[in-house]
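> Predicted model follows, preceded by the sequence.
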Amino acid sequence: MFLPQIKTAIPGPQSLLYAQKLALIESSGITYLSDKFPVFWQKANGINIWDIDDNCFLDLNSAFGVAGPGHGNASEAVREQALNLIHGMGDVHPPKVKVDFMEKLIEILPANLNKIILSCNGSDACESALKTMQVYTKKSGIIAFEYGYHGLGYGALDLTHKPHFRKPFEQRLSGPTFHAPYPSCEEELAKSLKIIKEIIENNKNILGGIIVEPIQGRGGVIVPPKGFLKELRNLCDKNDLLLILDEIYTGFGRTGKMFAFEHENIIPDLLCLGKTIGGGLPLSICVGSSEIMSAWGKSNGEAIHTSTFLGNPLACAAGLHILNELQSKNWPALIDERGQYFKDKLQTLKSPFIKEIRGKGLMLGIELVKDLNTNEPFTDLANHFTEECLQRGLIVLTSGKAGHVISLSPPFMIQKETIDFVIEQFQEIFINLNKTVQKFGI
Ligand SMILES: Cc1ncc(COP(=O)(O)O)c(C=O)c1O
C-alpha cells in the first residue's frame, strides 16, 4: 500500500490528451469532462490507482463500492479461469464454475434464500426482483423510497427516485411505483411509516412489494433509525407483500456484517446483490426462497428471463474467489472495527459546513451544508472538496439529493495509518476551503 504520489499537474498531460480523444468518440452526456476531471486509470492494486501520467492515488471509494477486497484481488482466479473458459451458454449449457459459485453463495446466505438468478449489473438484479414479484404476486405495484437508487435500466429506473435521472424518460416509466420518504432519524420514522401504511391501504389490489436499501448509498449515505427495516418486514408480512432488499452497495461486508439486514435481524423475501461480489467483473444476483422462485415455472428451453452473459465464467470465478476471501479473512469484523476508527476520526474534522458524519462500517458520509441553521445543501463546496482531494491523490465521490455529501467507501484493507493520513489531508482541505468561502464565497 502506498500513500499518494503526485508527479504532474492533475489531470496530467496524458489524461488531458485522453480526455480530448474521448470527447471525440464517446456520446456526450456520459463522462464528465472538465479542466479538473478526470484522470485516466492505467493500473490498480489494493487501495492504490495509478493513472497514465504515473500519478499514484488512494481510492477512497473502491471504484463505486466494488473493490472492497482491493483492486486486483480476484485477478489470479480470473486469469486461471480465462485460460480455460471465458464465455459459456449461461441458461443452455452452463459453465461448471457458475454452479460452484452459486453453491458457495447459498452456503453464506440464510437458509431460505436459496434460489438464485444471476445477471451482470445491479440494475439487472433489481429488474429480476421486479419480475419475480410480478410472477409470484401477480401484482406490479411497488413501494420504493425517495432518493433511493436502484439503477438506470428502464425497469430499475422506475424504482430510482431522483428526478435528475427520471425526468427525461418519464413517458416510459409506467409504474405503478409509489415513493415514500426514507427516514433518516427517529422523528422521521413515524411519518414515513404512516405514509407507507396509507399507500398500502389505498392500493391493496395492485401492490406486490416494497423495495428498500438498508442504508441509502447514492442517496447520501443515509442510515435509517433502528427498527425501520423490522417495521417494513412486519408490514409486508401483514399485507402479503414481498420485502425486497437492495444490498447491491451494502452487501458482502461493507457495513460491518456480511449483509446489512443482519444489523436488524430480519430476512428479506428477495435480496439484490452486486458490486463487491464480482471482484471488478460485472456480476449481480437476485436471490429468494424456493417457494417464491418456483413462480417462474419450468423452463421449456426458451427462458423468459435470461441474457447472453448470464453466469459468465470469469465473473463467477471472481465471485467464488471473493466469497472465499470474505469468509477466510473474516472481513466483516475487520470492516466494523476499521469503519468505527475512520468514523471517529472524521468526527474530529473541524469545519462550519459539516452537518453530520454518518454511516456504518466502511460506508461513510460527510454532509455539507451552507448554514447549520437552515441545512441548505452546500453542493459547490462538496464539488470543490472532491477536486481538491484529487489534486492531493485522494479519490472520493459525492452523493445525496443535491450532491452535497462526500461518500467514502474505501477498500476493506485500509490501514489506520492511511486513515490518519487521509484525515490530515481532509482537515487541510477544509481549512483552505473555509478561507476561500469566507473571502470569496463559492
Ligand atoms: C443500491 C444500489 N442499487 C443498484 C445500483 C445499480 O447498480 P449498477 O450501476 O451496477 O446497475 C446501485 C449503483 O450504485 C446501487 O448503489
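All right, it came through fine. Numbering: from 1, shown residues only.

> Residue numbers of the stretch 1-150 of the chain in contact with the ligand?
Within the stretch 1-150 of the chain, the residues that sit near the ligand (CB under 6 Å from any ligand atom) are 64, 121, 122, 123, 126, 149, 150. The C-beta positions use only the backbone N, C-alpha and C, and glycine is treated the same way.

> For those, which entry has the maximal number of neighbours?
The residue in those with the most neighbours, by other CB atoms under 10 Å, is residue 126 (31 neighbours).

> could you give the mean pLDDT of the longest helix belonging to the chain?
Scanning the chain for the longest helix, with DSSP state H as the assignment, gives helix 416-440. For helix 416-440, mean pLDDT rounds to 94.

> Show me what counts as buried in that helix.
Across helix 416-440, burial judged by 16 or more other CB atoms under 10 Å covers 418, 419, 422, 423, 425, 426, 429, 430, 433, 437.

> Any idea which residue of the chain lies closest to the ligand?
The nearest approach of the chain to the ligand comes at residue 122, 2.2 Å away (CB to the nearest ligand atom).

> I figured that residue hits residue 150, correct?
Yes: assessed by CB atoms under 8 Å, residue 122 is found in contact with residue 150 at 7.4 Å.

> what's the overlap in contacts for these two?
Common neighbours of residue 122 and residue 150, counting by CB atoms under 8 Å, 6 or more residues apart in numbering, are 156, 246, 248, 272.

> what are the phi and psi angles of the third one?
For residue 248, the backbone dihedrals (degrees, to the nearest 10) come out as phi -60, psi -40.

> what pLDDT does it get?
For residue 248, pLDDT reads 98.

> per-domain residue ranges of this protein.
Annotated domains of the chain cover 1-59, 75-328, 332-442 [automatic domain parsing].

> Out of those, which gets nearest to residue 69?
Set against residue 69 and scored by CB to CB, these come closest in domain 75-328, at 5.1 Å.

> The residue nearest the centre of the chain: what's its closest spatial neighbour, skipping adjacent residues?
In the chain, the residue lying closest to the centroid (CA atoms, centre = their mean) is residue 249, at 2.8 Å. Nearest non-adjacent residue to residue 249, counting by CB to CB, 6 or more residues apart in numbering: residue 217, 3.8 Å away.

> any idea of the pLDDT on the one you found?
Per-residue confidence (pLDDT) for residue 217: 98.

> and it, what does it touch?
Contacts for residue 217 (CB under 8 Å, 6+ apart) come out as 65, 149, 249, 250, 363, 399, 407, 409.

> Show me those residues that map onto strands.
Using DSSP state E, the subset of these located in strands is 363, 399, 407.

> With adjacent residues omitted, what lies nearest to residue 263?
Closest residue to residue 263 apart from its sequence neighbours, by CB to CB, 6+ apart: residue 257 at 5.8 Å.

> so who does the one you found touch?
263, 332, 336, 361.

> Tell me, what's the model's pLDDT at it?
With respect to pLDDT, residue 257 scores 98.

> about what we covered before: need the contacts of residue 257 in CSV (columns: pLDDT).
Converted to CSV, the contacts of residue 257 look like this (pLDDT from 0 to 100):
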residue, pLDDT
263, 97
332, 95
336, 97
361, 98
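
> Can you list which of these are found in helices?
Mapping these onto helices (DSSP H) picks out 332, 336.

> Considering the contacts of residue 257, which possesses the most neighbours?
Counting neighbours by other CB under 10 Å, the top entry in the contacts of residue 257 is residue 361, with 27 neighbours.

> Would you mind listing the residues in contact with it?
Going by CB under 8 Å, 6+ apart, residue 361 touches 253, 254, 255, 256, 257, 332, 335, 336, 339.

> you'd agree the third one is up against residue 247?
Looking back up the chat, that one is residue 255. No: Residue 255 lies out of contact with residue 247 (CB under 8 Å); the separation is 9.0 Å.

> which residues do these two both contact?
Contacts common to residue 255 and residue 247, judged by CB under 8 Å, 6+ apart, are residue 214.

> Can you give me the neighbour number for the residue nearest to residue 432 when sequence neighbours are not counted?
Nearest residue to residue 432, sequence neighbours excluded (CB to CB, 6+ apart): residue 388, at 7.2 Å. Look at residue 388: counted by other CB under 10 Å, it has 20 neighbours.

> And for residue 137?
19.

> cool, and residue 175?
Neighbours of residue 175 using other CB under 10 Å come to 13.

> CSV for the domains of the chain, including distance to residue 69?
CSV is the format used below for these (distance: least, CB to CB, whole Å):
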stretch, distance to residue 69
domain 1-59, 9
domain 75-328, 5
domain 332-442, 6
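
> Assumed residue 243 was part of a strand.
Yes: residue state for residue 243 (DSSP: H, G, I helix; E, B strand; the rest coil) corresponds to a strand.

> what's the spacing between it and residue 27?
With distances taken as CB to CB, to the nearest Å, residue 243 is found 38 Å from residue 27.
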